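Participant: dropping a prediction and its sequence here:
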2 protein chains.
Amino acid sequence: MLYIARLLLLLISGAAYAVDPLPSWNDGAPKKAIIEFVADVTTDGSKNYVHPHARIATFDEDGTLWVEQPLYAEFFFAIDSVRQLAPQHPDWIDKEPFQSILKGDMEAIKNFSRTEIVQLIAATHSDMTIEEFHERVRDWLHKAVHPRFKKPYPDLVYKPMLEAMQFLRENQFKIYIVSGGGQEFMRVFAEKLYGIPPSHIIGTCGKVKYDYRDGHPVLFKLPEVLFIDDKAGKVEGINLFIGKHPLIAFGNSIGDREMLEWTQSNKHKTLELLVHHDDKEREYAYGAESKIGTFSDALMAESKQKNWIVISMKDDWKTIFK
Amino acid sequence: MLYIARLLLLLISGAAYAVDPLPSWNDGAPKKAIIEFVADVTTDGSKNYVHPHARIATFDEDGTLWVEQPLYAEFFFAIDSVRQLAPQHPDWIDKEPFQSILKGDMEAIKNFSRTEIVQLIAATHSDMTIEEFHERVRDWLHKAVHPRFKKPYPDLVYKPMLEAMQFLRENQFKIYIVSGGGQEFMRVFAEKLYGIPPSHIIGTCGKVKYDYRDGHPVLFKLPEVLFIDDKAGKVEGINLFIGKHPLIAFGNSIGDREMLEWTQSNKHKTLELLVHHDDKEREYAYGAESKIGTFSDALMAESKQKNWIVISMKDDWKTIFK
């Protein structure tokens, strides 16, 4: 009865909560879907009730939780690192991918091949201990500003997504980030920014080597990839780190397709959502044509077919940034 | 004052708890060390107080939580699987490591090289979906009995360690298994046996491939190793999955040496413990000479030097099995 009353209340008033849990969302299909879904899987007596042990929520990072245009934040970190490290590498001046970076050729940078990206990441993310790497990222985050918004990257987190996370957390969901970005890069800011501990950050991982320095044990970052957490790799990462299907998943691009598909193959009722960047004024408008955060026409068609919710940044979000 | 009173009480009575949290442990140095350590790092006002976020406990599995002699349980699973699968692999009859298994040559099995072990694991742990593998392990656990104790393996868990886990859990520690054993193998029983969810099982991992079967997404186990979680690999695994130093770590062999060393390099006060199998009557007595669960003389010397607590199964445990 309580369950039915709560659902009825939802249907009539659009909110079963005394305080709106998603104040930065406009009333619309995505907000309604999230609130109804959470009520449905968390209310005792609902036929779709799910035990808290299985309440897993996964969020992509770039373009889902914060700005990814004109380039991923981690790319800007890598670019700034190349500039900083260049004096120690005179050969970089006529060697790609470093040459384009040192010239500031943004078009070339945006079109780096996978091999060039791996070379760039290897050169800027390894040959140091994990602690040293964290320190470099921390230092960069303090100094770097976004080229358009002129603000530090941690200020460019989407407020509606912070609210969605908090709402899920209050409903005993375990929150994970599942991103193609570097695990150790995200670990530096995710706990403070989102309240997500290092153990809940699933990302692309480099190999590390246990070694000693001045008699003290250290973990040394090697220039080799252990695991790429993108596309199908996101599902492999979810299995490796969580070992359970997500119940709700948020993404924004073709890199998240398999994560959403895997989520939907859960035996429980699930919800899948994709942020669509269609707000040129307040953020960016891009989709099928963008190399960064591609939202292909095929993905849009698949979303409709499979009832994945497409969040229009322009229409569904009252406020963009926190 | 409360803190000092609690510590005084510990020193006088040996227990600050109304109910003994470790009833299967005899009074002695290990029990005292665990109880005092937990009081010290969890009591507000203690100079060694540690926030619950950083209360990480890691436990090795084989030989630390359950019996590992005469062979690891997972080895018996692999052996039984080879026997079961042999009719489909006529070439195994004169090919190692399968030949020795089919002959039942235990001495040869115990002396398998690392390459042979990898071949054995690949042949019995891959070429199926993760769900199918879990089903095989579940099925095996129901049928298999230990050759000496004539009991299912889940009955051969050490009661004192279950109590230690529970005591730590009640004190807001996050419990992880960190084992050389297979992650997916342990995931089948760890939640029911220890209350440890799949996301807290750190073990040796095979590569998986996201694929489709009859239109449904599946994760397919490949015959390739992603990551070996043993010795220095345990530290790399702890970083990959937890991203924080353990505060307390339990092991029993040279495979745990680096995990203990890494734990001790935590900036907080830590505790390291090793189970010494010296109880021939109730379990087994082995150490430096054993290939399985080697407790070398060097490890014993290092434990003394670094104040790692050696738990004598014979003297420190009142009861062995749950």
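Facilitator: Sure thing, it's come through.

Participant: taking the centroid of chain A, which residue is nearest it?
Facilitator: Closest to where the C-alpha atoms of chain A average out (Cα atoms, centre = their mean) is A:Glu61, at 1.1 Å.

Participant: that one: what's it in contact with?
Facilitator: A:177, A:179, A:181, A:186, A:203 (Cβ atoms under 8 Å, 6 or more residues apart in numbering or on different chains). For the C-beta atoms, the positions are set from N, CA and C on the backbone; glycine is no exception.

Participant: ok, which pair from these is furthest apart?
Facilitator: Spatial extent of the contacts of A:Glu61 (Cβ to Cβ) is set by the pair A:Ile177 and A:Gly181 at 8.5 Å.

Participant: need the residues touching each of these two.
Facilitator: A:61, A:203.

Participant: which ones among the contacts of A:Glu61 map onto strands?
Facilitator: Among these, the ones falling in strands (DSSP state E) are A:177, A:179, A:181, A:203.

Participant: the second one contacts A:Trp66, correct?
Facilitator: No: the pair A:Ser179 and A:Trp66 fails to qualify as a contact (Cβ atoms under 8 Å) at a distance of 10.6 Å.

Participant: neighbour count: those two, which is higher?
Facilitator: When A:Ser179 and A:Trp66 are compared on other Cβ atoms under 10 Å in any protein chain shown, the one with more neighbours turns out to be A:Ser179, at 31 against 22.

Participant: could you measure from the more buried one over to chain B?
Facilitator: 15 Å (Cβ to the nearest Cβ, to the nearest Å).

Participant: please give the element, helix or strand, for A:Ile117.
Facilitator: Secondary structure assignment for A:Ile117, by DSSP states H and E: helix A:114-125.

Participant: that helix packs against which elements?
Facilitator: Packing partners of helix A:114-125 (3 or more Cβ pairs under 8 Å, 6 or more residues apart in numbering or on different chains; DSSP states H and E): helix A:73-85, helix A:98-103, strand A:201-213, strand A:216-227.

Participant: for the next helix or strand after it, packing partners?
Facilitator: Downstream of helix A:114-125, the first helix or strand assigned by DSSP H and E is strand A:128-129. Other helices and strands packing on strand A:128-129, by 3+ Cβ pairs under 8 Å, 6+ apart, are strand A:216-227.

Participant: now with 10 Å?
Facilitator: Using 3 or more Cβ pairs under 10 Å, 6 or more residues apart in numbering or on different chains; DSSP states H and E, the elements in contact with strand A:128-129 are helix A:130-143, strand A:201-213, strand A:216-227.

Participant: just checking: what are the partner strands of it?
Facilitator: Counting by DSSP bridges, the strands paired with strand A:128-129 are strand A:216-227 (antiparallel).

Participant: how about low-confidence regions in the stretch 1-150 of chain A?
Facilitator: Scanning the stretch 1-150 of chain A for pLDDT under 70 picks out A:1-17.

Participant: can you name the residues of it sitting close to chain B?
Facilitator: A:53-54, A:56, A:130 (Cβ under 10 Å from any Cβ of the partner chain).

Participant: between the residues you listed, which is nearest A:Lys231?
Facilitator: Distance to A:Lys231, by Cβ to Cβ, is smallest for A:Ile56 among the residues of the stretch 1-150 of chain A next to chain B, at 19.4 Å.

Participant: burial of the closest residue to the closest one other than its chain neighbours, as a residue count?
Facilitator: Closest residue in space to A:Ile56, ignoring its immediate chain neighbours: A:Pro246 at 4.7 Å, by Cβ to Cβ, 6 or more residues apart in numbering or on different chains. Number of residues near A:Pro246 (other Cβ under 10 Å) recorded here: 29.

Participant: ranking the contacts of A:Glu61 by neighbours, who comes first?
Facilitator: A:Ser179 (31 neighbours).

Participant: distance check, it against A:Val218.
Facilitator: Distance check for A:Ser179 against A:Val218: by Cβ to Cβ, to the nearest Å, it reads 26 Å.

Participant: quick one: the residue nearest to A:Ile56 and A:Leu168 touch, right?
Facilitator: No: contact criterion Cβ atoms under 10 Å: A:Pro246 and A:Leu168 do not qualify, at 11.0 Å.

Participant: overlap in contacts, those two.
Facilitator: A:55-57, A:59, A:174 (Cβ atoms under 10 Å, 6 or more residues apart in numbering or on different chains).

Participant: buried subset of those?
Facilitator: Neighbour counting by 16 or more other Cβ atoms under 10 Å in any protein chain shown classes A:55-57, A:59, A:174 among these as buried.

Participant: and the pLDDT for whichever residue of the stretch 201-322 of chain A sits closest to chain B?
Facilitator: For the stretch 201-322 of chain A, the residue closest to chain B is A:Gly243, as judged by Cβ to the nearest Cβ, at 2.7 Å. Confidence at A:Gly243, expressed as pLDDT, is 98.

Participant: for it, which non-adjacent residue is closest in space?
Facilitator: The spatial neighbour of A:Gly243 that comes closest, neighbours along the chain excluded (Cβ to Cβ, 6+ apart), is B:Pro198 at 2.7 Å.

Participant: dihedrals phi and psi, A:Asp278?
Facilitator: When quoted as degrees, to the nearest 10, the phi and psi of A:Asp278 stand at phi -130, psi 30.

Participant: would you confirm that it contacts A:Met300?
Facilitator: No: counting by Cβ under 10 Å, A:Asp278 stays clear of A:Met300, with 11.3 Å between them.

Participant: anything in contact with each of those two?
Facilitator: Common contact partners of A:Asp278 and A:Met300 (Cβ under 10 Å, 6+ apart): A:287, A:310.

Participant: just the helices in the stretch 151-300 of chain A please.
Facilitator: Ranges of helices in the stretch 151-300 of chain A, per DSSP state H, counting those that start in this stretch, are A:159-170, A:183-194, A:232-241, A:257-264, A:297-306.

Participant: what would these look like in JSON lines with distance to chain B?
Facilitator: Shown next, in JSON lines, are the helices of the stretch 151-300 of chain A (distance: least, Cβ to the nearest Cβ, whole Å):
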{"stretch": "helix A:159-170", "distance to chain B": "15"}
{"stretch": "helix A:183-194", "distance to chain B": "6"}
{"stretch": "helix A:232-241", "distance to chain B": "4"}
{"stretch": "helix A:257-264", "distance to chain B": "6"}
{"stretch": "helix A:297-306", "distance to chain B": "12"}
